[in-house]
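Enquirer: need coordinates for the following:
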Amino acid sequence: MDVIFHEKQQGSLCAQHCLNALLQGPYFTAVDLATIGHRFDEEERARMAEAGVSSDEYNRFLQEPSSNVDDSGYFSVQVISEALSVWGLELIPYNSSDPRAAVARQCPMNENAFICHYRDHWFSIRKLGRQWFNLNSILSGPELLSDTYLSLFLAQLQTDKYSIFIVVGDLPSCEADKVLALAPLSPRHFRKAPTKKQEPEEDDEQLKAALAMSWKEMEEGDDQEALNKAILQSLQSSQPIIEPQPVARAPQVNFNAAVDDDLRRAISLSLGGDQEESCSSTAAEASTSSAAEASTSSAITDSIEFIRQRRLLRLEQPTASPNNP
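Expert: Reported below is the predicted structural model:
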């Protein structure tokens, strides 16, 4: 990276920095460019004087500041173009109708260099070897640009109202061009340094200390119990929520129907001449039939007792003999 010539911004001498970065050497000074600027001023004054030195236009021209150079170090595009003409180089507006500009817009990576201007600031973009570099003097160093990013960068500059000029002609040979043609730089050389210095070893030590403290707390009973509770709550919260289902009610038992069935069964057995054990068996069967029937056992017992009384009365009657009428 040291092989690339790059001047950092000083005052308002961006035009000087732009030209020297483009040519890759300290070829121009502020005095050189000021001389060119003052020469343009004299030529313009001479043309205005042809219309008469007493005219209002001429007097206004003399009162206006120079458009080519000022005390801060700013220089116009005419001064830059004149300085490059010494090297046989020409500036063409990027958006002009010139056929060479149309070709450059179609494939900017095939060009050699560009000069950009916005709000009194100049900077150059040049190909060195087979790579493109942004040589802006306000940067800390050259910025590597890929071919794809070059097109995007120029489009962005146009959106930001920059004036872009194509540098047409053969640029002077430079050491950086030769070196980078043989050994292109890797993009990692131009990665920006982090704003805050990283201390990986220190971070590792802090991480280890935090882990050790965490394990120590986990080994203590209270903390372990709290951890277990937290884990249990986490597991419970991760389970899907099951909506409570309505409890099915037990089917309704028709107790009257049950009583009627038992009554009819008991009457049938009694009329058939069964012994008293049959009635006791029937009562036991009725008492153990179901939980629902147990609630009505008293009603069933009353019915059976009524039948039993009728049966006893029947048995106590004298049996009619054949000799009795």
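
Enquirer: does Q78 sit in a helix, a strand or a coil?
Expert: Following DSSP: H, G, I helix; E, B strand; the rest coil, Q78 is assigned to helix.

Enquirer: I figured it hits R39, correct?
Expert: No. The pair Q78 and R39 does not pass the contact test of Cβ atoms under 8 Å, sitting 10.2 Å apart. Using the backbone N, CA and C atoms, a C-beta is placed for each residue, glycine as well.

Enquirer: can you tell me the closest non-neighbouring residue to M109?
Expert: Spatial nearest neighbour of M109, chain neighbours left out: D147 (4.3 Å); criterion: Cβ to Cβ, 6 or more residues apart in numbering.

Enquirer: where in the protein is pLDDT low?
Expert: Counting by pLDDT under 70, the chain has low-confidence residues at 1, 58-59, 61-62, 65, 71-72, 188-264, 266-308, 310-325.

Enquirer: which residues does K178 contact?
Expert: With contacts defined as Cβ atoms under 8 Å, 6 or more residues apart in numbering, K178 is in contact with G129.

Enquirer: check the secondary structure at it for me.
Expert: Of the three states, K178 takes helix according to three-state DSSP.

Enquirer: how close does it sit to Q131?
Expert: According to Cβ to Cβ, to the nearest Å, K178 stands 13 Å off from Q131.

Enquirer: for G25, same thing?
Expert: Using Cβ to Cβ, one gets 19 Å for the distance from G25 to Q131.

Enquirer: the more surrounded of those two?
Expert: Residue environment comparison for G25 versus Q131 gives the larger neighbour count to Q131, 18 against 14, counting by other Cβ atoms under 10 Å.

Enquirer: and the longest strand for this protein?
Expert: Once the chain is assigned using DSSP state E, the strand that runs over the most residues is strand 121-128.

Enquirer: just give the nearest non-adjacent residue to L135, would you?
Expert: Distances taken as Cβ to Cβ, 6+ apart put A21 closest to L135, at 3.7 Å, once the chain neighbours are dropped.

Enquirer: secondary structure element holding that neighbour?
Expert: Taking DSSP states H and E as the criterion, A21 maps to helix 14-23.

Enquirer: strand 121-128 and that helix, what's the angle between them?
Expert: Here the directions of helix 14-23 and strand 121-128 differ by 0 degrees (axes from the mean of the first three to the mean of the last three Cα atoms, to 10 degrees).

Enquirer: output the contacting helices and strands for the next helix-or-strand element following helix 14-23.
Expert: With elements assigned by DSSP H and E, the helix or strand that comes after helix 14-23 is helix 30-49. If contacts are counted by 3 or more Cβ pairs under 8 Å, 6 or more residues apart in numbering; DSSP states H and E, helix 30-49 sits against helix 14-23, helix 56-63, helix 77-85.

Enquirer: can you tell me which of the ones you listed is most buried?
Expert: Greatest average neighbour count among the helices and strands packed on helix 30-49 goes to helix 14-23 (a mean of 24), per mean count of other Cβ atoms under 10 Å.

Enquirer: which residues does that one contact?
Expert: 5-10, 26-30, 33, 73-75, 79-80, 83-84, 87, 113, 115, 120-124, 126, 135, 137-138, 167, 171-172, 174.

Enquirer: quick one: buried ones out of these?
Expert: By neighbour count, with 16 or more other Cβ atoms under 10 Å, those hold 5-7, 27-28, 30, 33, 73-75, 79-80, 83-84, 87, 113, 115, 121-124, 126, 135, 137, 167, 171, 174 as buried.

Enquirer: just give the nearest non-adjacent residue to W122, would you?
Expert: Take W122 and drop its neighbours on the chain: the residue closest to it by Cβ to Cβ, 6+ apart is C18, 4.0 Å away.

Enquirer: distance check, that neighbour against I125.
Expert: Taking Cβ to Cβ, one finds C18 at 10 Å from I125.
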